[in-house]
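[1] Sequence plus predicted model, see below.
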Amino acid sequence: MRTKPVLNILLAAFLVFATIPACIITSSPATSAPPATKSTSLPTAPSATMVSHGNPQVLGDLGSISYTLDTDRQVSGTFDFDKGESLTLSVADANGYGWVLSIPADALLTTMEITMTPFATMDVTQSDAKIISGVQLEPDGLQFTDAVQLTVTAPIDNPGIGLIFSMNQDGSHVAFAPTTNTSGGKTAIAQIWHFSSAGYDNGYDAGRDGMDQYQQMAREEYRMALDAARQFIKNGAPRPPTSPSISMFCRGTEVNPEQGEAYEYMHEFLDPYSDYVHVLWAAIKNIQLLGVEDVDTTAGADAIITILQLAEKNIRDLGNQYQKDKPPDRLIAAIYTGLQIDRVIESINYDTVLLLMPDILISWASTVRDYYLNELKTKHDYRAFPILLTLNKEVQLLGGSDRQEDIMAAMTFEVILDTSFDTTWKSQSDRLFATGHVVQNADVKDIKNTMDPPNYLWGTENNITFKATNGTFKDSTGSYLLDGQLDLGTLFLLNWDACVTKTFDVEFIGLIGDPESKSGRVATAASQGSFEQYWWKTAFAYIFTIPMQNLNSTLGDQSFSGSGSGTAVDFTSSAQIHIVLKHTPK
C-alpha cells in the first residue's frame, strides 16, 4: 500500500538521486577565494566520466566555481528523529536571496545536526553556470530517505526563470539540479536527496543570451545522458558493495555514536546509478522549465526508472541475504538505501510497481527491532534500551506494527530491600532519652515505566511496604518490640544508562517508613543522620546509584552504609541498606 500522494508526471523532486557530488544552489558576486569547508563530511565519490560540452570532462559537468562562506549568517538546527518533527532552516545572503531548507519528519532515520551557510563571494569564471547566490549544506554527503526541499526566493519581483545548480562542496562539478518555479520565477524549488553545496541563477541576471545557452546545455546534457544511461543498462548493474555491520547496542551514545555509516553506504551503493540518473533527470526537468519544445523526454524518463529498478533489485537481494544474519546489523544500511531508491522511483513515476515498499522493508526493519528486543528479554542485554524505541519507530514509519508496549513491558523490574537502622537520642544533660533499632525488608515487584519516551521514570507513589523483621524501641514510656510493624514509602527507578555510566538510580521518598510509627521514627532519624550524602534536596528524596551487571537477570546488587550525629538534634545513628535490582521482563 502506497503512502505518498500522487505527484506530477515527472516530479521536480529528484535532485541528486543519491550521490551526485553536489547538491543545490549558488549565489552572488564573485571572488577568486577558495571554497571554505568547515564541516565534517561524508565521502564524495567520483562521477561517471564522459566528455561534455566546453571545458568540463565529466557527464553533466558545467565546470567549477570558488566561493567563500558568510559564517555570520550561518543557521543550524537539530533534526530529531525520535520527536517525529520536520526541520526548516531559513537564511538570506548579503544580496537578499532567501534560501529555505525543509526536511520532512521521515527524511532521516536518526538524529542529526544540520547547517546551512550562504556564500559570501564567488568566482564563476570557470563554470558555464553563472551562479549569483549559493549555500553550503552540511554535513556534506548526508543521504536522505525522503526528498528534502530547497527553495530560493529572489529579492526582485520579476527575476525570470530561476535555475538551481548542484556542486561538490569544494565547488567542483557544477551541474543542473532538477528545478521547478513558482509563477513568474520568483521562487525556484528543487527536491534533493543528499547534501553538498548549491547555487542559483535567473533569467534577469543571465539575459536572453544566457538563457538560450542554458537551453542548449539542457539539450546537450539530455542527449549525452540518455546515451550514457542506455549503455549503463546494456552493461548491467555493477556488483554492489558489502553493507557495514552497524550494531544497535548503545547506538547514539558516546560508546557507539552515530557516525553516518549507513549514509556513507547509501552514497557508495547508489553512486554508480545516480551518476547517470541525476544528469538525465536534471536535463529533463530543465528542458521542461526552460520551455524547450523540440526534445521528447519520454525515453529518458523510462531509462531512469529502468536504472533505478536495477538498483532496487540489487539491494533487495543483498537485504534478503543480510536478514539471515545474527545479529542482522548489515540490514541497517540496506534499509536506508532501499527506502531512498523506492521513494525516488515513486517520486518520478508513482505508478511504477515497487519491489521493496512496503512489505520487504517492513520485514527487514522488523527483523532488526525484534532481534534486539529478544536480546533484552531473554539475555538481559540492557544496551538494547532505549535504542529499541527508535528501531520501533522506523518500523512504524514504513507501515509496520507498533511494539512499544512490548518494549516497555520488557523493561519491568523488581527491587528487594533489606535495611538496618540504629538511633540514639539524648537530652541536653547527656541523659539517654530514647534508643531504637529496626531491621526491615521490602520486595517491590512489577515496577513499570510511567512516563512516555524520552522521559523515563519507573514506579508509582506508595508502592513500597517496609516490614520490620526485628527491632526494639525504648523511651521514657517503655520498651517496645517492632517486629511486624509496617510502613509505607515510595520508590522510583530513574536515570537509566546501560552504556556510559552503566548505572541505574533508586529513589526513595519517605525513607524509610512513617515517622509517626516507632519503626518509622527510628528509620527516618537514622537515614537523615547517616545517608546525608545520598539526599537529593530538590526532590526531598534519597538517591542511590546502582552499578549495572549486563547479561544478568540481577541487574544490580549494592549495599550502602553510613553513620552520623548531630548537636542540634543531639543524636547518633548508623544505617545500612542493601538493594537488589532484578530484571523481570514481561
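    Everything's here; your move. Residues are numbered from 1 along each chain as shown.
[2] Look through the protein and tell me its longest helix.
    The single longest helix within the chain, with elements called by DSSP state H, is helix 203-235.
[3] could you point out which element follows that helix?
    Note on helix 203-235: by DSSP states H and E, the next helix or strand toward the C-terminus is helix 261-289.
[4] mean confidence for that following helix?
    Across helix 261-289, pLDDT averages out at 93.
[5] Any buried residues in the helix or strand following that helix, and which?
    As assigned by DSSP H and E, the chain's next helix or strand after helix 261-289 is helix 298-322. Buried residues in helix 298-322, counted by 16 or more other Cβ atoms under 10 Å: 300-301, 303-305, 307-312, 314-316, 318-319, 322. For the C-beta atoms, the positions are set from N, CA and C on the backbone; glycine is no exception.
[6] before we move on, what about stretch 481-501?
    For stretch 481-501, burial by neighbour count (16+ other Cβ under 10 Å) applies to 482, 485, 487-494, 496, 498-499.
[7] and it, how far from the chain's centre?
    34 Å (Cα atoms, centre = their mean, to the nearest Å).
[8] got the CA coordinates for it in CSV?
    Output of stretch 481-501 as CSV, limited to C-alpha atoms (Å, rounded to 0.1, in the frame of the first residue of the first chain):
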residue,chain,number,x,y,z
LEU,A,481,9.1,-4.7,70.1
LEU,A,482,8.9,-3.6,66.5
ASP,A,483,8.6,-7.0,64.8
GLY,A,484,5.9,-7.0,62.2
GLN,A,485,5.3,-3.3,62.0
LEU,A,486,4.5,-2.0,58.5
ASP,A,487,5.5,1.3,57.0
LEU,A,488,4.7,2.7,53.5
GLY,A,489,7.1,4.5,51.2
THR,A,490,7.6,5.5,47.6
LEU,A,491,10.2,4.0,45.3
PHE,A,492,11.2,5.2,41.8
LEU,A,493,13.8,4.0,39.3
LEU,A,494,15.3,6.6,37.0
ASN,A,495,18.4,7.8,35.1
TRP,A,496,18.8,4.6,33.1
ASP,A,497,22.2,4.4,31.5
ALA,A,498,23.4,0.9,30.4
CYS,A,499,26.2,2.2,28.2
VAL,A,500,28.2,5.1,29.5
THR,A,501,27.9,5.2,33.3
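[9] Looking at it now, give me its mean pLDDT.
    94.
[10] Tell me where the model's unsure across the stretch 401-550 of the chain.
    Applying pLDDT under 70 to the stretch 401-550 of the chain flags residues 427-432, 454, 511-516.
[11] Now do the strands in it.
    413-426, 432-447, 457-458, 464-475, 478-481, 486-497, 503-509, 535-536, 541-547 (DSSP state E, counting those that start in this stretch).
[12] Nearest approach to residue 103 belongs to which of those strands?
    strand 486-497 (29.4 Å; Cβ to Cβ).
[13] what does that closest one contact?
    Applying Cβ atoms under 8 Å, 6 or more residues apart in numbering, the external contacts of strand 486-497 come out as 385-386, 413, 415, 440, 442, 444, 447, 456-468, 503-514, 517, 519-520, 523, 541, 545, 581.
[14] Out of the strands of the stretch 401-550 of the chain, which gets nearest to residue 228?
    Shortest distance between residue 228 and the strands of the stretch 401-550 of the chain, using Cβ to Cβ, is found for strand 486-497: 52.4 Å.
[15] Could you dump the strands of the stretch 401-550 of the chain into a markdown table with distance to residue 241 added?
    Below are these laid out as a markdown table (distance: least, Cβ to Cβ, whole Å):
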| stretch | distance to residue 241 |
| --- | --- |
| strand 413-426 | 43 |
| strand 432-447 | 46 |
| strand 457-458 | 43 |
| strand 464-475 | 55 |
| strand 478-481 | 75 |
| strand 486-497 | 35 |
| strand 503-509 | 40 |
| strand 535-536 | 51 |
| strand 541-547 | 41 |
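[16] wait, which of the ones you listed is closest to residue 233?
    Of all the strands of the stretch 401-550 of the chain, strand 486-497 comes closest under Cβ to Cβ, at 51.7 Å.
[17] So in that sheet, which strands flank that closest one, and in what orientation?
    strand 457-458 (antiparallel), strand 464-475 (antiparallel), strand 503-509 (antiparallel) (DSSP bridges).
[18] Tabulate the ones you listed (JSON lines), appending distance to residue 114.
    Converted to JSON lines, these look like this (distance: least, Cβ to Cβ, whole Å):
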{"stretch": "strand 457-458", "distance to residue 114": "31"}
{"stretch": "strand 464-475", "distance to residue 114": "46"}
{"stretch": "strand 503-509", "distance to residue 114": "32"}
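[19] how about those strands, which one is nearest residue 537?
    strand 503-509 (12.7 Å).
[20] got the angle for that closest one vs strand 413-426?
    Between strand 503-509 and strand 413-426, the angle comes out at 50 degrees (axes from the mean of the first three to the mean of the last three Cα atoms, to 10 degrees).
[21] what sits up against strand 503-509?
    For strand 503-509, using Cβ under 8 Å, 6+ apart, the contacting residues are 415, 459, 461, 464, 489-498, 536, 539-548, 555-556, 579, 581.
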